[in-house]
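**Q** Got a predicted structure here, sequence first:
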Protein chains: 2
Amino acid sequence: MKVVVIGGGAAGMAAASRIKRLQPKWDVTVFEASKYVSHAPCGIPFHVAGYVESLDDLCAYDVSFFIENRGIDVRIGSRVIEAGDGYVIVERKGEVEEHGWDYLLIATGTRPAALNVGCRELEGVMCVGSIEDSVYIKERAKKAKNVVIVGSGYLGIEMADAMLRLHKKVTVIEMGSHPLPEYDVEIGELLRRNMEKLVEFRSNEKVLEIEGKDKVERVVTDKGAYKADLVILCIGVEPNVELATQLGAKIGDSGAIWTDKYLRTSVDGVFAAGDCAETTNIVTGRKDWIPLAAPANKMGYVAGSNIAGVDIMYPGSLKSQLTSFLDLEIGKAGLSEKEAVKEGYDVVSATVISRARAKYIPDGKSITLKMVAESNGRVLGVQAAGVGVSKRIYGASALLYKSANVEDFFFTDFPFYPPKSPVWDPLVIAARNLFRKLGIN
Amino acid sequence: MKVVVIGGGAAGMAAASRIKRLQPKWDVTVFEASKYVSHAPCGIPFHVAGYVESLDDLCAYDVSFFIENRGIDVRIGSRVIEAGDGYVIVERKGEVEEHGWDYLLIATGTRPAALNVGCRELEGVMCVGSIEDSVYIKERAKKAKNVVIVGSGYLGIEMADAMLRLHKKVTVIEMGSHPLPEYDVEIGELLRRNMEKLVEFRSNEKVLEIEGKDKVERVVTDKGAYKADLVILCIGVEPNVELATQLGAKIGDSGAIWTDKYLRTSVDGVFAAGDCAETTNIVTGRKDWIPLAAPANKMGYVAGSNIAGVDIMYPGSLKSQLTSFLDLEIGKAGLSEKEAVKEGYDVVSATVISRARAKYIPDGKSITLKMVAESNGRVLGVQAAGVGVSKRIYGASALLYKSANVEDFFFTDFPFYPPKSPVWDPLVIAARNLFRKLGIN
């Protein structure tokens, strides 16, 4: 059997590896347009900030590992320019070549959304997309004085953090009312107050145009204009669905490639995985597009298994995420209140501010945690900011995965360790507060 | 209605608070033998190590808070010396008094197990029991040179850590083959190697006698003798069941007070909660005795609710725990392999050593995580040591609470954040390794 994988990112390489493990005799070819495979764009802010020295380190493994250790035919610098029934046409160094397949996996990822100018269309306008972008941003940042970041989703936050570490003057422009606009105001405002200490944070402000002659000069919004010699666009990503469309594969309402539970597209023999594909939101049970790295890896594993004939269903994702701005950790699993309301749920919520440690271990730090539940008691989501956030988002992710209710959150025996947590965990206190609002106990 | 609570620790005060909230007009009296209520003995090692200044800080709240804010009649320095049908006899400053009850809650906690000499029976022999012990240990430690710690459960580990911070020469004597003897060897040996760098760790060695004339001089084992001017006994605790026995309440096989799902004892109108009471081990579904602070607080909440007429079942505990030795975090939820085998399970296990962060964030640190599952795929327990342990034990506790299997551990969408975790979480890798051993996928 011949398998073609389009895209050598997390999903593509996880799938290829899995297929070769289950079916060592099959031909598995990966076409990757860039020079890198198993690249991790989530690492870009940390490369820019200087934690990561080499760009190669942003790849989980290098090409030779996959070729030599896993027997995968990896072709870098090879862009698939056409996909049809049983074939792809690949362009490499100006030459084109046709390649046949019995199974095709589309793992084409995303590209950053653009404004009136796109990434690197004007000198000094950058995106956080492919890992090569990291080099350009880093180089440009050296001489930049005024950095404007457009958008404050998690990438915008992390780029703002990185630019502060490089001692830049940073302006962040956000259309919504607070950073991380998917989060609720209780968490978003806390983050905003932290950011405003070091960053010019402009909320409820829409960028109209990026201006400049030979290089970027200013960012014009509906409220003003900001001098800029480096502009970083962090306004989201768009799924790369062109090849899927060409093949006649159905595109979901989200704009990403529709898949079933086995990550099959609507076209026979064609699978899709990773950031270009739709899956299920575990909390809502509905189709959703959740382009994040950990789900992408698992989708690759699942798609690879199914291609190789070992059927596994992919249950979907909780959109679990963690980020930080300097010392403030922020995380979320499941739905925020505003997302839940938008999905039509009748919700209650509780927000607790809790010491990060046992009362008797002085440190003055705290965690703010918000829990959102349906009126029947099922928990829909947890968000938090402060210290000790990651373990709460781990605990919440696990319980949300199992459709847990507020009693489950209350009674789960989370471990107590005085220097790291209070004896009544904030997850437990939030659940207990919801008992009252729900009329339980 | 008149409610008497014996013991003003975590369980007793949580129960009393809950009863007064639900039934503000009821008389709720708490008799506490020491001067402290809502005291937290788990904090003793941190008080000794110097993180916590005042002993009062080791109490969640002081007496006046419970009296004035919650309307609870708290009587400190009051020891219940007899309990009978509808009454208790209380001794305070040499005077005795009878006090009636309609409901009685026994929350008498534990006492440290002793050797040939008990706590403070010989000068320099100490226990970690009541929070007053902390003062004695701290005082004694000032002039001590050779400290011997008997036992290396989590208290032994934490006391060894505290003594190192006070620059003492520390010997730890453990009957089992490694510290934290309930853990499996993969984690226990890792901890042992860490401890041996700074502590004389003696394993498979049994203390026969503690010797000394006016004050402690040496600890004699089956393999040698160790000079000591401070001996700290950390060989476990025993439940205080004398009053329960006097009342005719059934004692469970574990030696702690038997309770049903509502935390009722076998005697009408008498409840038990906290470290003196048995509950259910959520993993095995069998009766177990799990004297830990977080479950004790919840048991108090549940017992208080049931006494006040709002029925809540207590599901039990997972024995979730976290501790640390210097920089090494250690944690466990559910059963170790040795515990699972002892319980009669047919088990498989996987141990993974994983980077603590994304591959590209260099720090050289790692986490060792072991997952134990039943042959049908249900996960029975997770243990880990290294960095980033607490979030994995949070995640594992949540999934164990929901009787999750290895697929659930694999597919739970744990959040990925490069500076804090690898994209394939060790919980996910361990579950994937178990797929193979279980013949899944």
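**A** Cool, the structure landed.
**Q** Indicate the residue of the stretch 51-200 of chain A located nearest to chain B.
**A** As assessed by C-beta to the nearest C-beta, chain B sits closest to residue A:57 within the stretch 51-200 of chain A, at 4.1 Å. Placement of C-beta: from N, CA and C, glycine included.
**Q** Just to be sure, that residue is in a helix?
**A** Yes - checked against DSSP: H, G, I helix; E, B strand; the rest coil, residue A:57 lies within a helix.
**Q** Which helix or strand contains the nearest residue to it once chain neighbours are set aside?
**A** Closest residue to residue A:57 apart from its sequence neighbours, by C-beta to C-beta, 6 or more residues apart in numbering or on different chains: residue B:360 at 4.1 Å. Of the helices and strands defined by DSSP states H and E, none includes residue B:360.
**Q** quick one: the helices in the stretch 201-350 of chain A?
**A** A:242-246, A:293-307, A:337-342 (DSSP state H, counting those that start in this stretch).
**Q** ok, now the stretch 51-200 of chain A?
**A** A:63-64, A:132-143, A:154-165, A:185-196.
**Q** got those helices as TSV, with mean pLDDT, mean neighbour count and distance to residue A:338 columns?
**A** Formatted as TSV, the helices of the stretch 51-200 of chain A follow (pLDDT from 0 to 100; neighbours: other C-beta atoms under 10 Å in any protein chain shown; distance: least, C-beta to C-beta, whole Å):
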stretch	mean pLDDT	mean neighbour count	distance to residue A:338
helix A:63-64	92	14	43
helix A:132-143	91	17	31
helix A:154-165	96	24	17
helix A:185-196	96	20	8
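**Q** hang on, residue A:34 packs against residue A:78?
**A** No - with contact defined as C-beta atoms under 8 Å, residue A:34 does not reach residue A:78; the gap is 9.7 Å.
**Q** More neighbours: which of the two?
**A** Neighbour comparison, residue A:34 and residue A:78: the larger count goes to residue A:78, with 23 against 16 (by other C-beta atoms under 10 Å in any protein chain shown).
**Q** Give me the distance between the more buried one and residue A:13.
**A** 14 Å (C-beta to C-beta, to the nearest Å).
**Q** what angle do the host helix or strand of residue A:20 and helix A:293-307 make?
**A** Using DSSP H and E, residue A:20 sits in helix A:10-22. With axes from the mean of the first three to the mean of the last three C-alpha atoms, to 10 degrees applied, the angle from helix A:10-22 to helix A:293-307 works out at 40 degrees.
**Q** ok, and what's touching helix A:10-22?
**A** With C-beta atoms under 8 Å, 6 or more residues apart in numbering or on different chains as the test, helix A:10-22 has contacts from A:3, A:5-6, A:26, A:28, A:30, A:32, A:37-38, A:40, A:60-61, A:66, A:70-72, A:74, A:105, A:107, A:109, A:271, A:273-275, A:277, A:293, A:296-301, A:303-305, A:307-310, B:423.
**Q** Show me which parts of it are buried, residue by residue.
**A** Residues A:10, A:11, A:12, A:13, A:14, A:15, A:16, A:17, A:18, A:19, A:20 are the ones in helix A:10-22 that count as buried (16 or more other C-beta atoms under 10 Å in any protein chain shown).
**Q** nearest to chain B, of the residues you listed?
**A** So of those, ranked by how close each gets to chain B (C-beta to the nearest C-beta), first place is residue A:10, at 7.0 Å.
**Q** For the stretch 201-350 of chain A, which segments are assigned as strands?
**A** Here the stretch 201-350 of chain A has its strands, by DSSP state E, counting those that start in this stretch, at A:207-212, A:216-221, A:225-227, A:230-233, A:237-239, A:270-272, A:279-280, A:287-288, A:321-325, A:328-334, A:347-355.
**Q** what does the stretch 1-150 of chain A give?
**A** A:2-6, A:27-31, A:73-75, A:78-84, A:87-92, A:95-100, A:103-106, A:110-112, A:125-127, A:146-150.
**Q** Show me what the third one packs onto, helices and strands only.
**A** With contacts taken as 3 or more C-beta pairs under 8 Å, 6 or more residues apart in numbering or on different chains; DSSP states H and E, strand A:73-75 sits against strand A:27-31.
**Q** and the strand it packs on, what other elements does it pack with?
**A** By 3+ C-beta pairs under 8 Å, 6+ apart, strand A:27-31 packs against strand A:2-6, helix A:10-22, strand A:73-75, strand A:78-84.
**Q** picking that back up, any chance of a markdown table for the strands of the stretch 201-350 of chain A, columns mean pLDDT?
**A** Below are the strands of the stretch 201-350 of chain A laid out as a markdown table (pLDDT from 0 to 100):
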| stretch | mean pLDDT |
| --- | --- |
| strand A:207-212 | 96 |
| strand A:216-221 | 97 |
| strand A:225-227 | 97 |
| strand A:230-233 | 97 |
| strand A:237-239 | 96 |
| strand A:270-272 | 98 |
| strand A:279-280 | 96 |
| strand A:287-288 | 97 |
| strand A:321-325 | 96 |
| strand A:328-334 | 97 |
| strand A:347-355 | 96 |
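**Q** could you dump those to a markdown table with distance to residue B:376 and mean neighbour count?
**A** Listed next are the strands of the stretch 201-350 of chain A as a markdown table, based on distance: least, C-beta to C-beta, whole Å; neighbours: other C-beta atoms under 10 Å in any protein chain shown:
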| stretch | distance to residue B:376 | mean neighbour count |
| --- | --- | --- |
| strand A:207-212 | 56 | 17 |
| strand A:216-221 | 59 | 19 |
| strand A:225-227 | 61 | 15 |
| strand A:230-233 | 50 | 28 |
| strand A:237-239 | 39 | 20 |
| strand A:270-272 | 30 | 28 |
| strand A:279-280 | 26 | 24 |
| strand A:287-288 | 32 | 18 |
| strand A:321-325 | 33 | 24 |
| strand A:328-334 | 28 | 26 |
| strand A:347-355 | 37 | 19 |
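**Q** Which one of the ones you listed lies nearest to chain B?
**A** strand A:321-325 (3.6 Å).
**Q** so what strands line up beside that closest one?
**A** Paired strands of strand A:321-325, with direction, are strand A:328-334 (antiparallel) (DSSP bridges).
**Q** For the partner strand, give me every contacting residue.
**A** Here strand A:328-334 has contacts from A:157, A:180, A:182-183, A:187, A:190-191, A:194, A:283, A:318-324, A:372, A:379-390, A:392-393, A:396-397, A:400, B:413, B:415, B:417, using C-beta under 8 Å, 6+ apart.
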